[in-house]
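K.L.:
Here is my input; please provide its structure:
(2 chains)
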Amino acid sequence: MDSERRTAIQQAMLRLADGDRAAMPALVEQLWPVLLSYAERGLRDAQGAEDVAQEVLFRISSRISELDRTRDPLSWAFGIATFEIMTQRKRRQRRRETLLGETLHESRESAQSAEDAVMHAEMRAALSEALGQLSPDDMANLGLVEPSRAGPATPAMRKRRQRALDKLRTIWRSIYGQP
Amino acid sequence: MVNLETLTSQSLRYYERGRLRMATRVAVVLAPVVAVCLLEPIGREACACCAALLFAASIGLRFRNRAGVESVSTGLLAGAIPLAAMLVLTQIDPRCATAGLFSYCTGFSLLIGAAAGAVVALRERDRAPLTSHWLLAVGVAVLTASLGCVRVGIASLVGVAVGVLVGRAWMQGQRR
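P.N.:
Have a look, this model is predicted:
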C-alpha cells in the first residue's frame, strides 16, 4: 500500500470517527481493495474473501465511532480484519471436521446394515435348503405348512415336533457341519 | 463483483447503527442518577420531564459527532456538582423549596453554578480542538443540574444557570 492511500484512509477514518458522514465514500473507495486483497491472502479463496472483506468493512463502519484517536486507525482496522479472517478460517475448519465426521458415521452405519442384510439372506437360504430335505409330514409337525395342526399341543404332537426338529438338526449338521 | 455504491450505503447504515449504540451508552451513567432523583417524592413529575429532556439531548448530541460527545461529557461532569449539592440541600433544609427569590438558597445556587461554569471553561481549554459550541455543554450542565434543582424551585435553577455562565466567563477572563 502506498503512503498516499494510507494517508487517505487514515484521514477518512478520523473524519468518520469525528462524525463526518461525507467521508464514507472515500473510505470505502480506498479501503475496500486493501481489505479484499488482505482477505484473499488470508483465505486463499476469492469468493470467501469477498464475503469476509465485506464483513470487515461493516464491522469497521459500525465501530469507528469508538476509535481511539491516539492509535493508528489503519492498524486498528487491520486488527479487526485479522480477527475476522482467523474466525472464518476456524469456522471453515470446524465445518470440514463436522462434515468428515458425519460422512464417516453414515458410511459406517450403511456398511453395517448391508452386512446384516447379506447375513440374513444367507441364513434364510441355508434354512430353506435344510427344510427342503424334510418330509412334508415333518414340515407339518413343525407348523411350517399346515397352520391347522398348530392347536393345543398333545404329548403325541410334542413328540412328533421333537422328532422333526431332531431330523432338521441332523440335516443341518450334514450340510453345514455345525450345530 | 461488489458494487461500491451499494457497499457505501450499507456501510453508512452500519455506521449510523454503531453511532446510535455508542450514543445510547450514556444511559449507563444517566439511569442511576435519574433513578436517585426520582426516588425523592417532591417534584417527581418535573424531575422526570427534565430527565427525559436530558436523555434526548445527550443521545442526540453524542449521535451527531465527536464534539457532541465531548459537550455531553463536559455538561454531565459540570452539572453533577449542582445536582449533588441540591440533593444534599433538599435533605438539610427542605424550606428552600418554598424560599423566595432573595434567599440564601438562590445565593448557594449561584455559587455552585459558578463552580460548574468553571469546570466547563476548564474542560473547554483542555479539549479545545474537540469541543463544539460552549452553549451545548452549558445546556447539558443546566439540564443535569435541573434534576436536583426543580424540586427546590425555579429560582434555584435560574441561579445555577446564571452561575454557570458567570463562572465560565470568569474563568475565560482569568485565562486571558
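
K.L.:
Which stretches in chain B count as helices?
P.N.:
B:4-24, B:27-39, B:44-64, B:66-92, B:104-126, B:134-149, B:154-175 (DSSP state H).

K.L.:
how about the residues of chain A near chain B?
P.N.:
With the criterion set to Cβ under 8 Å from any Cβ of the partner chain, chain A comes near chain B through A:16-21, A:24-25, A:27-29, A:32, A:50, A:54, A:57-59, A:61-66. C-beta coordinates here come from the backbone N, C-alpha and C atoms, glycine included.

K.L.:
Can you flag the buried ones in these?
P.N.:
With burial judged by 16 or more other Cβ atoms under 10 Å in any protein chain shown, the buried subset of the residues of chain A next to chain B is A:16-19, A:24-25, A:27-28, A:32, A:50, A:54, A:57-59, A:61-65.

K.L.:
got a list of what the residue of chain A found nearest chain B touches?
P.N.:
Residue nearest to chain B within chain A (Cβ to the nearest Cβ): A:G19, separated by 2.6 Å. Each residue near A:G19 by Cβ atoms under 8 Å, 6 or more residues apart in numbering or on different chains is listed here: A:65, B:19, B:64-68.

K.L.:
returning to that earlier point: take the helices of chain B and lay them out in a markdown table including mean neighbour count and mean pLDDT.
P.N.:
Shown next, in a markdown table, are the helices of chain B (neighbours: other Cβ atoms under 10 Å in any protein chain shown; pLDDT from 0 to 100):
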| stretch | mean neighbour count | mean pLDDT |
| --- | --- | --- |
| helix B:4-24 | 17 | 94 |
| helix B:27-39 | 14 | 90 |
| helix B:44-64 | 18 | 92 |
| helix B:66-92 | 22 | 89 |
| helix B:104-126 | 21 | 85 |
| helix B:134-149 | 26 | 88 |
| helix B:154-175 | 20 | 81 |
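
K.L.:
Let me have those helices in TSV, extended by distance to chain A.
P.N.:
Formatted as TSV, the helices of chain B follow (distance: least, Cβ to the nearest Cβ, whole Å):
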stretch	distance to chain A
helix B:4-24	4
helix B:27-39	14
helix B:44-64	6
helix B:66-92	4
helix B:104-126	15
helix B:134-149	13
helix B:154-175	24
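
K.L.:
For these, give me JSON lines that also has distance to A:D116.
P.N.:
Output for the helices of chain B, formatted as JSON lines (distance: least, Cβ to Cβ, whole Å):
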{"stretch": "helix B:4-24", "distance to A:D116": "55"}
{"stretch": "helix B:27-39", "distance to A:D116": "64"}
{"stretch": "helix B:44-64", "distance to A:D116": "68"}
{"stretch": "helix B:66-92", "distance to A:D116": "71"}
{"stretch": "helix B:104-126", "distance to A:D116": "81"}
{"stretch": "helix B:134-149", "distance to A:D116": "78"}
{"stretch": "helix B:154-175", "distance to A:D116": "88"}
